[in-house]
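Student: When you get a sec, could you give me coordinates for this:
(chains A and B)
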Number of protein chains: 2
Amino acid sequence: MRDTSSNFRVAREDLARFMQAVLKAAGADQVSASAVTRALITASRMGIDSHGLRLLPHYLQALKGGRINGAPEMQFHQRLAATGFLDADDGLGHLAGYTAMEHAMAMAETVGMGAVAVGNSSHFGAAGCYALAAAERGYLGMAFCNSDPFVLLHEGAKPFHGTNPIAFAAPVAGESPYLLDMATSSVPWNRVQQYGAIGRELPDQVAADAAGQVSRVPGEVAALLPLGGSGFGFKGAGLGGMVEVLSSMLSGMQHGFKLLPMGGPDMSTPRGVGHFFLVMKPDAFVDSGTFAHGMAEYLADLRAQPAAPNAQVMAPGDREWRCQAQRDAEGIPLDSANQIAYAEIAEQYQIAPLSRLV
Amino acid sequence: MRDTSSNFRVAREDLARFMQAVLKAAGADQVSASAVTRALITASRMGIDSHGLRLLPHYLQALKGGRINGAPEMQFHQRLAATGFLDADDGLGHLAGYTAMEHAMAMAETVGMGAVAVGNSSHFGAAGCYALAAAERGYLGMAFCNSDPFVLLHEGAKPFHGTNPIAFAAPVAGESPYLLDMATSSVPWNRVQQYGAIGRELPDQVAADAAGQVSRVPGEVAALLPLGGSGFGFKGAGLGGMVEVLSSMLSGMQHGFKLLPMGGPDMSTPRGVGHFFLVMKPDAFVDSGTFAHGMAEYLADLRAQPAAPNAQVMAPGDREWRCQAQRDAEGIPLDSANQIAYAEIAEQYQIAPLSRLV
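Tutor: Alright, predicted model coming up:
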């Protein structure tokens, strides 16, 4: 589990300094820059490198192109005591996400539960960041997001759903939270690209060619399979659909199939991404001591289970918290592509470059 | 898709008459008998035969043994405006489920959303029944339940989670609801038994032997794999864990690993099953016309997608509604094992037997 992805490492404080400065230089206001920085560093510390510092150049490009509004006037509309809608004014999805979670937590504190549908938003990084924001304050948190099409329907031949993530986090007394953050495909799209770059065959049942036939050759891949593969992909596709109903229909946004692609080339037209956030207060159901005791007992039993040879059973989040402890101690690694990208950004925006830890 | 499972078919009205009578004869009160009948017939009409009429003998056995209380005094404790706890008094899970959904819908009507954790309950049949009960009244419904251990953790060697189902239903204007009802394993346990009975090999990556190694031989199987198989089972296991947190921890019940087995031999000790139900009102987020329009457009786009050769793309529920239309017209089939079981029950409880449709 030792993290050997790169020997170019930076302190998270320095990474935060860099992100804040460059986001503001690119037109983001203080709250937007802070929200993006918080989300990307949260993901990078936990080792979710696909949704961490790697994404900064993308957001800068979207700010520069005008697709994303760096200084949005987000408006929260309280609809009923447990529900609301946040119009994100085409701002950064990270600010929308943390803002929506604050409203949902306030409602949960009062009526036991709160949910916020978010419309007119943009890519928010890792869904887990927002579920985690609730769990860190003692609530159960859930986050969902639509995305542009990469994933086949079950028995479908063309991409229809996005990777439509589901995140769920629960507080654990005296420990880091339980944290599940998963795409409803088996692998993310960038795994296909990574495997292609190093000439490696994909696992079976995770991707398909342009005709919708399962393929393990990255260069042939035109779509991802839903979680469950050819046999049981109706489950992954059904979960992806659930995410779509929550994120797109409850926010009044276009469903993912109709979203402009995150990757462009159009970097000027707002995409109208939809999110959905839900918060529950454990002691609005049972006494809080009961919940905490149950979680502790469940996790102790889980972690004590026998594992397959050379393996170890873990609770969702365990791997991430270990990575976080290591990266907090040793720094956050940048691979060569990110080293180059961050050096270029420093130059372009006249920001002091990242300091490499020795 | 023609249903040729049996040529012994019964009208659902006759099946309902039979179930009501025998459940009451076995000690269930009127509301309990009605709830079980409603749930089992809902599942059987839709073709979810694993959770339909097949289960009646099991519930009779559990009533007779005293494990289940046929005349419970279920108590609902409203905790906050959007949340509550239902003590099911060891009654039938179906009554607990429909009762909890009524409370959750009432809360959703007032504050936009409502959730009920249920404790001291028992097996409730198909989770989809309760999600559906909300969608039929215009709400989004979700249902979750813990269960005794059949499923490995990711990289685990012994069963830990139950098949821990997730059900999600959404209303569709002028049509039957969107309905996802899935175990967080790939296959249910009775699929292993069915394949064993006919000497058929299981699909890959769905089950494991007593050492936790993947096996396709039904006779060797000691556990199910979580959805996602050896490679991506951390997703299925994480979803199973989410169901556990909602169903067990929010209800203050034992987690599934510690539940007495549904199948006995102990039919006298209450199991303390936990459920969790959540209801959301679409127009508590956006105008109801917006939600309905979005659902219609999403489903039209989904159903228009190209399919793999000899396949057809469907929305969750499409297969079930087709089966229901057919079974409403032609009757609900009983396989030979159920024909025998129902004949024995008729004799034992002195109830007029089912009338076979000609």
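
Student: So for A:A127, what's the nearest residue that isn't a sequence neighbour?
Tutor: A:A167 (3.7 Å; Cβ to Cβ, 6 or more residues apart in numbering or on different chains). The C-beta positions use only the backbone N, C-alpha and C, and glycine is treated the same way.

Student: Name the SS class of that neighbour, please.
Tutor: Per DSSP: H, G, I helix; E, B strand; the rest coil, the secondary structure class of A:A167 is strand.

Student: Likewise for A:G27?
Tutor: coil.

Student: Please apply the same query to A:G274.
Tutor: A:G274 - assigned by three-state DSSP - is strand.

Student: give the contact list for it.
Tutor: A:A117, A:V118, A:G119, A:S121, A:C145, A:N146, A:S247, A:S248, A:L250, A:S251, A:G252, A:M253 (Cβ atoms under 8 Å, 6 or more residues apart in numbering or on different chains).

Student: ok, those vs A:G212, which is closest?
Tutor: Proximity of the contacts of A:G274 to A:G212 (Cβ to Cβ) peaks at A:N146, which lies at 21.7 Å.

Student: how far away is the one residue sitting closest to the centre of chain A from A:E102?
Tutor: Nearest residue to the geometric centre of chain A (Cα atoms, centre = their mean): A:A126, 1.3 Å. Relative to A:E102, A:A126 is positioned 18 Å away (Cβ to Cβ, to the nearest Å).

Student: which helices and strands does the strand or helix carrying A:T42 pack with?
Tutor: Element membership for A:T42 (DSSP states H and E) is helix A:30-46. Applying 3 or more Cβ pairs under 8 Å, 6 or more residues apart in numbering or on different chains; DSSP states H and E, we find helix A:30-46 packed against helix A:12-25, helix A:56-65, helix A:93-111, helix A:128-135, helix A:318-330, strand A:332-333.

Student: List the contacts of the fifth one.
Tutor: Outside of helix A:318-330, the residues that reach it under the criterion Cβ under 8 Å, 6+ apart are A:1-3, A:9, A:12, A:44-48, A:176, A:179, A:303, A:333, A:357.

Student: Then the second one?
Tutor: Residues lying outside helix A:56-65 but in contact with it, judged by Cβ under 8 Å, 6+ apart, are A:19, A:22-23, A:26-28, A:36, A:40, A:68, A:70, A:92, A:122-123, A:262, A:264, A:266-268, A:341-342, A:345.

Student: how big is the angle separating that helix from helix A:30-46?
Tutor: Inter-element angle recorded for helix A:56-65 and helix A:30-46: 160 degrees (by axes from the mean of the first three to the mean of the last three Cα atoms, to 10 degrees).

Student: which of the residues in helix A:56-65 are buried?
Tutor: For helix A:56-65, burial by neighbour count (16 or more other Cβ atoms under 10 Å in any protein chain shown) applies to A:L56, A:P57, A:H58, A:Y59, A:L60, A:A62, A:L63.

Student: Equivalent analysis for the third one, please.
Tutor: Of all the residues in helix A:93-111, those buried under the rule 16+ other Cβ under 10 Å are A:93-105, A:107-111.

Student: For my notes, confirm A:Q78 occurs in a helix.
Tutor: No - applying three-state DSSP, one finds A:Q78 to be strand, outside a helix.

Student: Just list whatever residues bridge to it.
Tutor: A:G84 (DSSP bridges).

Student: ok, it touching A:A106?
Tutor: No - when contacts are counted by Cβ atoms under 8 Å, A:Q78 is not listed as touching A:A106 (9.7 Å).

Student: in chain A, which helix or strand is least confident?
Tutor: One helix or strand of chain A scores below all others by mean pLDDT, DSSP states H and E: helix A:189-197, with a mean of 88.

Student: quick check, distance from the following helix or strand past that helix to the centre of its chain.
Tutor: Downstream of helix A:189-197, the next assigned helix or strand under DSSP H and E is strand A:207-208. Strand A:207-208 has its C-alpha centroid displaced from the chain centroid by 22 Å (Cα atoms, centre = their mean, to the nearest Å).

Student: So which other helices or strands are in contact with strand A:207-208?
Tutor: Strand A:207-208 packs on strand A:223-224, going by 3+ Cβ pairs under 8 Å, 6+ apart.

Student: Residue in the stretch 101-250 of chain A with the shortest distance to chain B?
Tutor: Residue nearest to chain B within the stretch 101-250 of chain A (Cβ to the nearest Cβ): A:G112, separated by 3.3 Å.

Student: Who are the contact partners of that residue?
Tutor: So A:G112 contacts A:A82, A:M280, A:K281, A:A284, A:F285, B:R79, B:L80, B:A81, B:A82, B:T83, B:A115 (Cβ under 8 Å, 6+ apart).

Student: okay, the residues you listed in CSV with distance to A:F257, pLDDT and secondary structure next?
Tutor: Output for the contacts of A:G112, formatted as CSV (distance: Cβ to Cβ, whole Å; pLDDT from 0 to 100; DSSP: H, G, I helix; E, B strand; the rest coil):
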residue, distance to A:F257, pLDDT, secondary structure
A:A82, 30, 98, coil
A:M280, 30, 98, strand
A:K281, 35, 98, coil
A:A284, 37, 98, helix
A:F285, 36, 98, coil
B:R79, 40, 98, strand
B:L80, 38, 98, strand
B:A81, 37, 98, coil
B:A82, 32, 98, coil
B:T83, 35, 98, strand
B:A115, 30, 98, strand
